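*Asks:* predicted structure and sequence below. I'll ask about it afterward.
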2 protein chains.
Amino acid sequence: MERLELIALQQFPLVEPGDDLAALLAESLQANGLALRNGDVLVIAQKVISKAENRYVLLCDVDVSEQARALASDAGKDPRLAQLILDESREVLRVRPGVVIVEHRNGYVHANAGIDRSNIQSDPDNPRVLLLPEDADRSARTLRERLHTLTGCAPQIIVNDSFGRAWRNGTVGVAIGTAGLQPLRNQIGERDLFGNVLEVTEPAVADELAAAASLVMGQSDEGCPVVLARGLRIAASDNGFGALLRDRQLDMFR
Amino acid sequence: MERLELIALQQFPLVEPGDDLAALLAESLQANGLALRNGDVLVIAQKVISKAENRYVLLCDVDVSEQARALASDAGKDPRLAQLILDESREVLRVRPGVVIVEHRNGYVHANAGIDRSNIQSDPDNPRVLLLPEDADRSARTLRERLHTLTGCAPQIIVNDSFGRAWRNGTVGVAIGTAGLQPLRNQIGERDLFGNVLEVTEPAVADELAAAASLVMGQSDEGCPVVLARGLRIAASDNGFGALLRDRQLDMFR
């Protein structure tokens, strides 16, 4: 493992609800002069998947509960947005003006249940927001299978999003769904250069690659929402990203 | 920003206390057929810097305080190691069997003050451990200046280490010192594709690149402790990594 290349697909089209994202990916790869190879990983920004899956919600369609009203008041947010954050979450961990830290339905701990308004064409008189994919592992798996059918090659897939962190400023790309790869590299029992048995260090390779791809996506990520990563060999697995989630009982920062 | 290449320098020599790391870097780049270019970033594993700076401590030289004895008992650690963890930290945040979460002298929150025994040649009868660099920003700055003198080019530098995270399993590469670059990309006030002013999202580019490099370093990182990253344009800055540290008062997870 010596050289990793991260190539942002240029001129990726704006994605609309109902679009066949796998077909768009296959076309874009071709237009960029790239043919998929074994071992390739495609990192795809959550937003384009959410759009293809029509995860838009018009705020005018949201009924606001008492709980959401209270949360909105504590967080200084639109009550309808607070309702959607609650609907998308299992638990609220922290509330501060401007930010609500939750455990999302799918298990990740992050801000505002991943709901945002950036890079969304929205009618100012009738605003809408975009939720995360219903099940990003399933989205990744479906893309992988369709790409296999379309191109003869089944790339490993990572769906990424930008998360804030405890203790550190700034956001980093994080894997919220995967297909075809082991998100943690298990090294327990391996030996280091000097023959010492390594302590438990399991690099979260899917998160590291999600972060690496985020660097070349830039922020206006509708422009470059897809990155081809070439040169790694990540172990295969039929499970999704779940191994990245720390068990609640083992978590010291709830 | 379309294509990022991460190249792990092959055959990097084992580093010993007192070695001229900048000279080793310049030689290794040449041996790998690589000439530094403007915009290149070198990501360097903390361990080789600590070794060059002789941050080894023999456990037999450590005097153990009462506080360290108590910590060792709570954490199930060697009391001498517990003492070093305390010496290297400003504050202990959490203690569980096997792990002590601290705020390091230099501000990062992580496990065990970054002290470990892996990839260290140690006499089993007289074990030693390796501390983090005294000031990784200073180490990075010095390397950058020396490389400029030796090669005529001053690459941006990131010193990385592997950190665990709250809420997620596995470790990721993280920046613990930088030189010549802005660790956060400030996008406040930028507009997205549709003209909406972006909310406060500042990608932690130094951490994302530290993570990306970690992917190609592998774990036996004494083998590939240096990665050349080529193809990004990270804004210049004379400050170090400090902008990545969240202010204590703003931190919700202390």
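*Replies:* Nice, I can see it.

*Asks:* residue contacts, A:Val205?
*Replies:* A:181-185, A:232, A:234, B:170, B:215 (CB atoms under 8 Å, 6 or more residues apart in numbering or on different chains). All C-beta spots, glycine's among them, are computed from the backbone N, C-alpha and C.

*Asks:* most neighbours among those, which one?
*Replies:* Counting neighbours by other CB atoms under 10 Å in any protein chain shown, A:Pro183 leads these with 30 neighbours.

*Asks:* so what's that one up against?
*Replies:* Contact analysis of A:Pro183 by CB under 8 Å, 6+ apart lists A:175, A:204-207, A:237, A:240-241, A:243-244, B:170.

*Asks:* including pLDDT, could the contacts of A:Val205 go into JSON lines?
*Replies:* Output for the contacts of A:Val205, formatted as JSON lines (pLDDT from 0 to 100):
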{"residue": "A:Leu181", "pLDDT": "98"}
{"residue": "A:Gln182", "pLDDT": "97"}
{"residue": "A:Pro183", "pLDDT": "97"}
{"residue": "A:Leu184", "pLDDT": "95"}
{"residue": "A:Arg185", "pLDDT": "91"}
{"residue": "A:Leu232", "pLDDT": "92"}
{"residue": "A:Ile234", "pLDDT": "95"}
{"residue": "B:Gly170", "pLDDT": "95"}
{"residue": "B:Leu215", "pLDDT": "95"}
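
*Asks:* so which two of the residues you listed are the farthest from each other?
*Replies:* Spatially, the most separated pair among the contacts of A:Val205 is A:Leu232 and B:Gly170, at 15.5 Å (CB to CB).

*Asks:* could you give the bridge partners of the most centrally placed residue in chain A?
*Replies:* Central residue check for chain A by CA atoms, centre = their mean: the C-alpha nearest the mean position is that of A:Asn160, 2.7 Å away. For A:Asn160, the beta-bridge partners under DSSP bridges are A:Ala45, A:Ala175.

*Asks:* isn't it up against A:Ala213?
*Replies:* Yes. Look at A:Asn160 against A:Ala213 with CB atoms under 8 Å: they come within range, at 6.0 Å.

*Asks:* just the helices in chain A please.
*Replies:* Along chain A, the segments classed as helices by DSSP state H run A:21-31, A:46-52, A:66-75, A:79-87, A:136-151, A:205-217.

*Asks:* how distant is the second one from the center of its chain?
*Replies:* It stands for helix A:46-52. Here the centre of helix A:46-52 is set off from its chain's centre by 10 Å, with CA atoms, centre = their mean, to the nearest Å.

*Asks:* and the nearest residue to A:Trp167 once chain neighbours are set aside, what's its pLDDT?
*Replies:* Of all residues not flanking A:Trp167 in the chain, B:Val109 sits nearest, at 4.0 Å (CB to CB, 6 or more residues apart in numbering or on different chains). Model confidence at B:Val109, given as pLDDT, is 96.

*Asks:* do the same with A:Asp116
*Replies:* 72.

*Asks:* repeat for A:Ala243
*Replies:* pLDDT for A:Ala243: 95.

*Asks:* and it, what does it touch?
*Replies:* By CB under 8 Å, 6+ apart, A:Ala243 lies in contact with A:182-184, B:169-170.

*Asks:* what about A:Val172, how many residues nearby?
*Replies:* Other residues near A:Val172 number 28, with proximity taken as other CB under 10 Å.

*Asks:* quick one on the thing from earlier: just the ones of the contacts of A:Val205 in strands?
*Replies:* If you go by DSSP state E, these have nothing in strands.

*Asks:* list just the nearest of those to A:Leu93.
*Replies:* For these, the nearest to A:Leu93 is B:Gly170 (20.2 Å; CB to CB).

*Asks:* so that closest one makes contact with A:Leu184?
*Replies:* Yes. Using CB under 8 Å, B:Gly170 is in contact with A:Leu184, at 4.7 Å.

*Asks:* overlap in contacts, the two.
*Replies:* With contacts defined as CB under 8 Å, 6+ apart, the residues adjacent to both B:Gly170 and A:Leu184 are A:202-205, A:243-244.

*Asks:* and which of the residues you listed is nearest to B:Phe12?
*Replies:* Checking the shared contacts of B:Gly170 and A:Leu184 against B:Phe12 by CB to CB gives A:Pro203 as the nearest, at 19.2 Å.

*Asks:* just give me the neighbour total for that closest one.
*Replies:* 23.

*Asks:* cool, and A:Asp137?
*Replies:* A:Asp137 has 19 nearby residues by other CB under 10 Å.

*Asks:* quick one: low-confidence ranges for chain A?
*Replies:* A:1, A:117-121, A:187-200, A:219-223 (pLDDT under 70).

*Asks:* tell me the domain ranges of it?
*Replies:* With domains defined by automatic domain parsing, chain A comprises A:5-55+A:132-246, A:56-130.

*Asks:* from those domains, which stretch is densest packed?
*Replies:* Looking across the domains of chain A with neighbours counted as mean count of other CB atoms under 10 Å in any protein chain shown, the highest average goes to domain A:5-55+A:132-246: a mean of 20.

*Asks:* endpoint to endpoint, that domain covers what distance?
*Replies:* End-to-end distance for domain A:5-55+A:132-246, by CA to CA, to the nearest Å: 30 Å.

*Asks:* likewise for stretch A:10-29?
*Replies:* 9 Å.

*Asks:* ok, it near chain B or not?
*Replies:* Yes. Remark: stretch A:10-29 sits within contact range of chain B at A:Gln10, by CB under 8 Å from any CB of the partner chain.

*Asks:* roughly how far is that stretch from the heart of the chain?
*Replies:* On the basis of CA atoms, centre = their mean, stretch A:10-29 sits 17 Å off its chain's mean C-alpha point.

*Asks:* and for stretch A:17-34?
*Replies:* 19 Å.

*Asks:* next: stretch A:76-83.
*Replies:* That offset, for stretch A:76-83, works out to 23 Å (CA atoms, centre = their mean).

*Asks:* which residues does that stretch contact?
*Replies:* Outside stretch A:76-83, the residues that touch it by CB under 8 Å, 6+ apart are A:59-60, A:62-65, A:68-69, A:71-72, A:75, A:85, A:97-98, A:100, A:112, A:115, A:129.

*Asks:* rerun that using 7 Å as the cut-off
*Replies:* A:59, A:62, A:64-65, A:68-69, A:71-72, A:75, A:97-98, A:115, A:129 (CB atoms under 7 Å, 6 or more residues apart in numbering or on different chains).
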